[in-house]
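Novice: predicted model, plus sequence, below.
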Amino acid sequence: MSDITVLDGGFSTQLSTHVGERIDGDPLWTARFLVTNPDAVFATHLDFLRAGADIIQTNTYQATIDGFVKHLDITEAECLEIIRKAVDYAKDAVNIYSDEVEEIADTEHVTNRKPLIAGSCGPYGACLHDGSEYTGSYGTRVSREFLADWHRPRIRVLIEEGVDLLAIETIPCVREAEAVVDLLKEFPNTRAWLSFSCRDDGKSLADGSNFQEVAVRCYRNALPGQILAIGINCIAPQHVTTLLKGINSGNADDFIPLVVYPNSGEKYTVSEGWKRESEVLSLHEFIDEWLDLGVRYIGGCCRTTAKDVERIRYRVDARRAEKKY
């Protein structure tokens, strides 16, 4: 793929502008608002579309059967219905946005005229609500079969409800990555990107495995064309380049599309929440070097907003005009 696709930003950060209350720290995180305030979920999707996102993600990162059963005291069937509704809210936002675009006289300057919906699938660690999506510590305690069985119901519902692709994201350990790649083969007509949770050392997955080795292996072991891109999300922008550099330095025929959506550079702990340790450049200031490395999907993760998506859109459109990718 030669074009560049703009993703949305941090859902919880943008959602907070609509609900005016604390979201981080809730064991269901933004998924609770699928039940308590679906209008705010819809509005958040619309914010990102209006900012220029080509793809918006469903609010299902932490929408899991385990979490809903435990914290909402509902049945498995009711849990799956909430996930279906999450897709509907994203579709509603796309429909409203499409109507808005039709009313614009000069639609040629609207670069995201036909946005897509990605079904967000966070890791098993997210439902544990202990920060383990940033450590991958559970990877040695559960089997590949367990992880595939855990991911399967949500993936199946998202596909049945009509998402355009899947966002398999913040995967912190090699066992879970391999389990998901195998699971996707059960849905051969489904496309996905696979994005990892990495350490700040410039080389490792959260569980200590070599990022590039695992990511490239997963890409090559998937069904042909099923993995659209591999990459990283929810990491400080200044650590991205080192992790990606070299993946696409070989033969052009071996080009692997990359996906990147970093956080704002702040650190998160369960006990203290988000905390800025030092001043870092905004993610949009790294865009040119990432695109040069083969990044073809780019957006923002935690603590980024629709305003960040606007900045990304502006720079991506400039690159497209310059034909430098």
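Specialist: Looks like it arrived, so ask away. Residues are numbered from 1 along each chain as shown.
Novice: now for the closest residue to Gly246 other than its chain neighbours, how many residues are close by?
Specialist: Spatial nearest neighbour of Gly246, chain neighbours left out: Gln212 (6.9 Å); criterion: CB to CB, 6 or more residues apart in numbering. Just so you know, the C-beta spots here come from the backbone N, C-alpha and C atoms, and that holds for glycine as well. Gln212 has 17 neighbours, counted by other CB atoms under 10 Å.
Novice: next: the one 3 residues further on.
Specialist: Residues within reach of Ala215, counting by other CB under 10 Å, total 29.
Novice: which strands and helices sit next to the longest helix belonging to the chain?
Specialist: Longest helix in the chain, counting residues (DSSP state H): helix 76-102. Here helix 76-102 touches helix 33-36, helix 38-51, strand 55-57, helix 65-72, strand 116-121, helix 144-160, going by 3 or more CB pairs under 8 Å, 6 or more residues apart in numbering; DSSP states H and E.
Novice: one more pass at 6 Å, please.
Specialist: Counting contacts by 3 or more CB pairs under 6 Å, 6 or more residues apart in numbering; DSSP states H and E, helix 76-102 is packed against helix 38-51, helix 65-72, helix 144-160.
Novice: chain center to that helix, what's the gap?
Specialist: Put simply, helix 76-102 sits 17 Å off its chain's centre (CA atoms, centre = their mean, to the nearest Å).
Novice: check stretch 292-304 too.
Specialist: Distance of stretch 292-304 from the chain centroid (CA atoms, centre = their mean) equals 10 Å.
Novice: give me the residues contacting that stretch.
Specialist: Residues outside stretch 292-304 that contact it (CB atoms under 6 Å, 6 or more residues apart in numbering) are 1, 4-5, 7-10, 13, 229, 233-234, 244, 248, 257-261, 263-264, 266, 308, 312.
Novice: list the buried ones in the longest helix of the chain?
Specialist: Burial within helix 76-102, assessed by neighbour count using 16 or more other CB atoms under 10 Å, is assigned to 79-80, 82-83, 85-87, 89-91, 93-94, 97, 101.
Novice: ditto for stretch 313-325
Specialist: Under the neighbour-count criterion of 16+ other CB under 10 Å, stretch 313-325 has Arg313, Arg315, Val316, Arg319 buried.
Novice: and those, which is closest to Leu283?
Specialist: Nearest to Leu283 among the buried residues of stretch 313-325 is Arg315, at 10.2 Å by CB to CB.
Novice: now that closest one, nearest residue through space, not along the chain?
Specialist: In space, Arg315 is closest to Ile287, 4.7 Å off (CB to CB, 6+ apart).
Novice: which helix or strand contains that neighbour?
Specialist: According to DSSP states H and E, Ile287 maps onto helix 287-292.
Novice: ok, then the element right after that helix?
Specialist: Per DSSP H and E, the first helix or strand lying C-terminal to helix 287-292 is strand 295-298.
Novice: can you pull the contacts of Ser143?
Specialist: By CB under 6 Å, 6+ apart, the contact set of Ser143 is empty.
Novice: change it to 8 Å
Specialist: Ser143 sits next to Arg175 when contact means CB atoms under 8 Å, 6 or more residues apart in numbering.
Novice: any chance of the buried residues of helix 76-102 in CSV, plus distance to Leu46?
Specialist: Formatted as CSV, the entries for the buried residues of helix 76-102 read as follows, by distance: CB to CB, whole Å:
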residue, distance to Leu46
Cys79, 25
Leu80, 25
Ile82, 20
Ile83, 20
Lys85, 16
Ala86, 15
Val87, 15
Tyr89, 10
Ala90, 10
Lys91, 12
Ala93, 5
Val94, 9
Tyr97, 6
Val101, 12
